[in-house]
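A.B. asks: I'd like to go over a predicted model; first the sequence, then the structure.
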Amino acid sequence: MNKVYAISGPPASGKSSIVKQLLKHQGIVRLVSHTTRPPHADEQEGIDYYFVDKSAFANLSLMEKVTYSGQFYGLSKDEVHNKIQSHPVSVVDIDEAGLEQLKKLLGERLESIYILVDKDVILDRYILQGKNAEEIRQWIDYAESQGEFNNWQIADHVVKNTGDLDSSVRQVLAIMNLPTV
């Protein structure tokens with residue numbers, strides 16, 4: 001049975017970095033979400049997100065959707081069905097609300113992996129990224145209000161990511177029952 005692995009965790013936990021490393025592994029594909037926000041300088045259409053305006057977003061048939069900072073994010077039914085049918089392993093970086101919606105829709109095809117990290121590590125990562133104190137406070141406050149520091153309790157698996165990224169990626173590959181790269 002083809003599976004989807006949902007990677008969740010608080011902001012700056014390393015979800016995106018882990019997913020990028022997993023995509024280097026043959027046979028793993030990413031479920032790409034749609035968003036109404038403009039792309040960041042290093043993001044590519046169809047790889048990081050599908051960038052659409054709000055009217056196009058409203059016309060999508062979505063499996064899950066969330067709003068963050070006035071922008072919409074959602075995973076289309078077509079994207080999920082097409083990838084599940086043609087690829088044995090798909091990954092998606094998702095928040096708790098999206099995870100709950102995907103669990104209802106995909107059932108046993110979905111396994112969730114929570115990336116555990118403490119707030120001190122998150123603060124260090126944001127500081128190293130050059131984020132200002134106000135941005136950091138907003139992300140931490142949002143994560144706390146959404147329960148993102150407690151989502152490990154509803155996950156199928158937990159991977160701690162406070163040190164070596166390669167170690168965390170190897171743990172995720174082991175959960176997927178795939179050999180390390």
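C.D. replies: Now that the structure is in, tell me what you want to look at.
A.B. asks: so where's this structure uncertain?
C.D. replies: Applying pLDDT under 70 to the chain flags the ranges 181.
A.B. asks: the longest helix in it is where?
C.D. replies: Determined from DSSP state H, the single longest helix within the chain is helix 133-145.
A.B. asks: and the helix or strand following that one, what does it pack onto?
C.D. replies: Beyond helix 133-145 on the C-terminal side, the first helix or strand identified by DSSP states H and E is strand 157-160. The elements that strand 157-160 packs onto, with contact taken as 3 or more Cβ pairs under 8 Å, 6 or more residues apart in numbering; DSSP states H and E, are strand 110-116, helix 165-175. Backbone N, C-alpha and C define where each C-beta goes, glycine included.
A.B. asks: distance from the chain centre to strand 157-160, please.
C.D. replies: Computed by Cα atoms, centre = their mean, to the nearest Å, the chain-centroid distance of strand 157-160 equals 14 Å.
A.B. asks: adjacent strands (with direction) for it?
C.D. replies: Paired strands of strand 157-160, with direction, are strand 110-116 (parallel) (DSSP bridges).
A.B. asks: just the residues contacting the partner strand, thanks.
C.D. replies: For strand 110-116, contacts defined as Cβ atoms under 8 Å, 6 or more residues apart in numbering pick out 3-9, 13-15, 18, 99, 102-103, 151-152, 154-161, 168, 172, 175.
A.B. asks: now the residues you listed: which count as buried?
C.D. replies: Buried members of these, scored by 16 or more other Cβ atoms under 10 Å, are 3-9, 13-15, 18, 99, 102-103, 151-152, 155, 157-161, 168, 172.
A.B. asks: residue ranges of the strands in this protein, please?
C.D. replies: Secondary structure of the chain, counting by DSSP state E: strands at 3-8, 28-30, 34-35, 50-51, 62-68, 71-76, 89-93, 110-116, 157-160.
A.B. asks: which residues does the nearest residue to Val89 once chain neighbours are set aside contact?
C.D. replies: Nearest residue to Val89 in three dimensions, chain neighbours excluded: Ile28, at 4.8 Å (Cβ to Cβ, 6 or more residues apart in numbering). Applying Cβ under 8 Å, 6+ apart to Ile28 gives the contacts 22, 87, 89-91, 176, 178.
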